[in-house]
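Asker: missing the sequence, but the structure's below:
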Ligand SMILES: CC(C)(COP(=O)(O)OP(=O)(O)OC[C@H]1O[C@@H](n2cnc3c(N)ncnc32)[C@H](O)[C@@H]1OP(=O)(O)O)[C@@H](O)C(=O)NCCC(=O)NCCS
């Protein structure tokens, strides 16, 4: 599968063929100890994702600058997960989960760009699907803002609505890659 690009990042699906140094760098990415209530690190979420044929783990990789090629974030596309509780027809959607940007790189636009690019990666993974769905805690202001900038909207649904910090169910249309005009 080809990488999906959304400046300033590209998403690199992680497969058994992935370069071992890239994978090691991804597994060292940390959302920050104060953020683990929102998302566990890739060192915990990558192993089960890589063993599940319904999930596609990916790295968020910098495209340019002195650190070009360095991973700054991680996420998983899931064809199953708890989609049946989030969509009337789970076959129409994919779930974005375990998504985060390394603590040291947060607040630079990589989260919003990565989440937007995930819509295109989801289209490449499952062209027949229509929606990319995610759950984000009500208290997670950075997550709500980044996903909103990436085109996700609040569906009105809540995951675990009776919890102290319920999760907002957000969704965005999958994004086919932009077509180039002839001659460009
Ligand atoms: C949520 C997360 C992925 C966002 O990625 P990011 O790279 O930090 O976010 P961006 O730099 O793309 O910022 C997107 C917007 O959120 C805003 N934002 C960032 N931190 C914020 C905060 N604490 N409160 C309110 N808004 C915030 C930014 O200002 C930006 O908006 P702007 O461009 O209008 O200024 C990242 O912060 C993260 O990994 N957090 C920890 C784990 C997590 O919460 N994962 C998501 C689980 S659903």
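Answerer: Noted; the coordinates are in hand. Remember, it's a predicted structure, so these values are computed and weren't measured experimentally.
Asker: my guess is residue 10 contacts residue 68, does it?
Answerer: No: using Cβ atoms under 8 Å, residue 10 is not in contact with residue 68; the gap is 10.1 Å. C-betas here are computed from N, CA, C, even on glycine.
Asker: list the contacts of the closest residue to the ligand within the chain.
Answerer: Of all residues in the chain, residue 111 sits closest to the ligand, at 1.8 Å by Cβ to the nearest ligand atom. Taking Cβ atoms under 8 Å, 6 or more residues apart in numbering as the criterion, residue 111 is in contact with 73, 99-101, 142-143, 146.
Asker: up against the ligand, what does the protein have?
Answerer: For the chain, the contact set with the ligand under Cβ under 6 Å from any ligand atom comprises 31, 35, 38-39, 99-101, 106-112, 136, 140-143, 145-146, 149.
Asker: how about residue 170, nearest residue that isn't a chain neighbour?
Answerer: Residue nearest to residue 170 in three dimensions, not counting chain neighbours: residue 152, with 4.0 Å by Cβ to Cβ, 6 or more residues apart in numbering.
Asker: number of residues surrounding that neighbour?
Answerer: Around residue 152 there are 28 other residues, counting by other Cβ atoms under 10 Å.
Asker: tell me the bridge partners for residue 172.
Answerer: Beta bridges link residue 172 to residue 132, judged by DSSP bridges.
Asker: hmm, it is touching residue 123, no?
Answerer: No: proximity of residue 172 to residue 123 does not meet the contact threshold set by Cβ under 8 Å, at 10.9 Å.
Asker: circling back: filter the contacts of residue 111 down to the buried ones, PyMOL style.
Answerer: A single PyMOL command selects the buried members of the contacts of residue 111 (16 or more other Cβ atoms under 10 Å):
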select buried, resi 73+99+100+101+143+146
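Asker: restricted to strands, list the contacts of residue 111.
Answerer: Residues of the contacts of residue 111 located in strands (DSSP state E): 73, 99-101.
Asker: now the lengthiest helix in the chain: mean pLDDT?
Answerer: For the chain, the helix with the greatest residue count under DSSP state H is helix 110-125. Taken as a whole, helix 110-125 has an average pLDDT of 97.
Asker: next: stretch 98-106.
Answerer: Over the span of stretch 98-106, the pLDDT mean works out to 97.
Asker: again, but for stretch 139-155
Answerer: Stretch 139-155 carries an average pLDDT of 97.
Asker: do the same with stretch 7-16
Answerer: For stretch 7-16, the per-residue pLDDT averages 94.
Asker: for stretch 167-184, same thing?
Answerer: Stretch 167-184 carries an average pLDDT of 79.
Asker: which parts of this structure are strands?
Answerer: Counting by DSSP E, the strands of the chain are 4-6, 9-13, 55-62, 71-78, 93-101, 131-137, 153-159, 167-173.
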